[in-house]
Structure formats: C-alpha cells, structure tokens
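In: next input, structure requested:
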Amino acid sequence: MLERAIHKAAMAWFDDRKTPKVKLIAGRVSKVPEGLWVKCTKCAEIIQSKILADNAHVCQECGHHFRLKSADRVALLCDEGAFQEFDAHLESNDPLVFLDIKPYSVRLTAACGKTGQKDAFVVGKAAIKSLPYYLGVFEFQFMGGSMGAVVGEKVARLFEHALADKLPAVIVCASGGARMQEGIVSLMQMAKTSMLIEKMREAGLPYIVILTDPTTGGVAASFAMLGDVILAEPGALIGFAGPRVIAQTIRQALPEGFQRSEFLQKRGFVDRIVRRGDLAHELRQLMVHLGRKTCAFGVS
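Out: Coordinates of the predicted model:
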C-alpha cells in the first residue's frame, strides 16, 4: 500500500513537470496559458519554459540548442552589468526605396516593434570575469539577422573600437545573410568588414567568431568565417546557400548532417564545437591566450 502511494506521488510529480495539464471545466477544455511550455524541435520533448531558460535554452533531453535573443546572448557572455552598448541609434534610411510585397520601411518598422531594436546587430564593450573586450551579437528575430548598411557599419565600428583600445573582438553570428532590400549596398558590407579584420591581424589583436544556428549567406561568406578562432554551437546550420537549394541545383542527395557544425568541424571549417554553458569560459581562455602579448587588458 505504501509502495503504491509513493509510486502515485512520484508519477504525479513527474507528470506535473513533463506534461501540460488540460482540465475539463463545465464540459469545456481549459487552455494551457501560452508560453508556459515549449516543444523541442529536435526530440519533441515538452519542456517547461522556466526550466528551459534556466538551462540556457538547451534541451536537457537531447542537447538541442534553441535560438537565443541578443539580450540573452549578451547576458550569457558578459559579467552582470558590464555590457556598454553603443551606436544603438543607427537605423536604415531605405537607400533603394525598396518595395516587394510590402515597402521595406514597413518591414523595418515591424521588426523594430517586434525586437525593440533599430536593426539586427547589437554592439558594445563587454567583460568576462573583468576581462574587457568588444562584443557584437546578431538578433535573428530582426528580419532573420540579415546584414544591411547598419549591420555592416556597426560591425566595422566594433573592429575600430577594438583597434583603438587594443582589445579582442568577438562576434556571435545568427544571420540569413545579406539583406536583399538593400541590394548592392548590403553586399558592399562584406568587403568593408573583411578589410578591418586584416587590420586586426596586423595589430595582433584576437578576433573570435561564434557561429550559431543559422549562419548563412553573405555573413558566412565574409567576417563570420574570418576569425582567428571559429567556434560553433552544436547542430548549427552553417553555409552559404541552404541545403535544399544546393540539393536542387546539383540534383544529388546531400550527405547526412551536411552544413551542420559537426560536419564542418570534420572538414576544417570550424575549430571547436562548444556547448552553450561552456562558451563564456572557453571565450575568456582563448582571449587571454591569444592576446597576452598584444592586448591592453593587463594579463601577463
């Protein structure tokens, strides 16, 4: 009898944490409030949103890394209160007055309202355990993290600040590539940002890239793959064109895991795959090691 009671209590606790409850009230089904539960897109496990957030948005069952908002990413890679954002006021002026289904200006307004940001890149001075560096983070929810003139300018200013202060630069990538609504202007950002990376190399200052899901298009074809060290989160989609486009173009089946971070690491495009919970420690170790002789953060 006691064993049965213990078993019943244990199962009730398990069900409470694992399964969203739907109760019948006066013949109606009461809906579970939105946002309390999340379904893992890889293993289909139902996870409490709070538990997922406490685990840095990584599924405890299969290790799937969910996409992070830029603010969460900054919190993950910085000491509390250490991030000093700059150039947050920069916004696109719609250089081509572009119109597809909607005017570009309307899309920008909607993206600003959705994310609370002026564009798809957040940049600032940061610190990990008091070690200063410059950090740039993409916001994928802002038009798929696409790169236009504003993103390119903020990436360039990130490197310029790092050069002036003799500090490392880190960029966390999550982007669909160049922003088609800005045409050739967006493509010019590839050369503009890549040029400054060469100046970082000449100065001996570390530039570290963290590739997350997804990193594609013109971002992958420029500064995202030019880091001194290229880290990636597990399972991230990384490449230029998407796998479906490639498969349709060459009319061949692609290898299993094609364009995922594990596939790229085996072929030398990614240096290390690092789980999200270990990123901050790994990043600090790399900056200390690479910048010991050239950076102005006083680590001997």
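In: how about the strands in this protein?
Out: Taking DSSP state E as the test, the strands found in the chain are 24-25, 28-29, 37-39, 46-48, 84-85, 121-128, 131-138, 169-175, 207-215, 229-232, 272-273.
In: return the most buried member of these.
Out: Counting by mean count of other CB atoms under 10 Å, strand 169-175 has the highest mean neighbour count of the strands of the chain, with a mean of 27. For every residue, glycine as well, the C-beta is placed using N, CA and C.
In: before we move on, the earlier item: who wins for proximity to His65 among the strands of the chain?
Out: strand 207-215 (6.9 Å; CB to CB).
In: I'd like to know which elements the closest one is packed against.
Out: strand 169-175, helix 183-203, strand 229-232, helix 279-291 (3 or more CB pairs under 8 Å, 6 or more residues apart in numbering; DSSP states H and E).
In: which residues touch the residue nearest to the spatial centre of the chain?
Out: For the chain, Ala174 is the residue whose C-alpha lies nearest the centre (CA atoms, centre = their mean; 4.2 Å). Residues near Ala174 by CB atoms under 8 Å, 6 or more residues apart in numbering: 67-68, 138-140, 145, 212-215.
In: in CSV: those, plus pLDDT and distance to Glu256.
Out: Output for the contacts of Ala174, formatted as CSV (pLDDT from 0 to 100; distance: CB to CB, whole Å):
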residue, pLDDT, distance to Glu256
Arg67, 96, 23
Leu68, 97, 26
Phe138, 98, 27
Glu139, 98, 31
Phe140, 98, 25
Gly145, 98, 26
Thr212, 98, 21
Asp213, 97, 17
Pro214, 97, 18
Thr215, 98, 20
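In: just the closest of these to Val274, please.
Out: Thr212 (10.8 Å).
In: now the closest one: how far from Ala236?
Out: Thr212 sits 5 Å away from Ala236, going by CB to CB, to the nearest Å.
In: intersection of neighbour lists for these two?
Out: Residues within reach of Thr212 and of Ala236 at once, by CB under 8 Å, 6+ apart, are His65.
In: and the residue nearest to His65 when sequence neighbours are not counted, how many neighbours does it have?
Out: Once flanking residues are discounted, His65 sits nearest to Glu233: 4.9 Å by CB to CB, 6 or more residues apart in numbering. Look at Glu233: counted by other CB atoms under 10 Å, it has 23 neighbours.
In: and if you look at Arg67?
Out: 17.
In: Arg276: what's it in contact with?
Out: Per CB under 8 Å, 6+ apart, neighbours of Arg276: 56-58, 65, 68, 76, 233.
In: from those residues, pick the one nearest Gly291.
Out: Using CB to CB, the contacts of Arg276 come closest to Gly291 at Leu76, 20.8 Å.
In: looks like Val172 contacts Thr215 (just checking).
Out: No. Assessed by CB atoms under 8 Å, Val172 is found out of contact with Thr215, at 9.6 Å.
In: sorry, back to before: okay, the contacts of Ala174 in CSV with distance to Pro255 next?
Out: Shown next, in CSV, are the contacts of Ala174 (distance: CB to CB, whole Å):
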residue, distance to Pro255
Arg67, 24
Leu68, 28
Phe138, 27
Glu139, 31
Phe140, 26
Gly145, 26
Thr212, 22
Asp213, 18
Pro214, 18
Thr215, 19
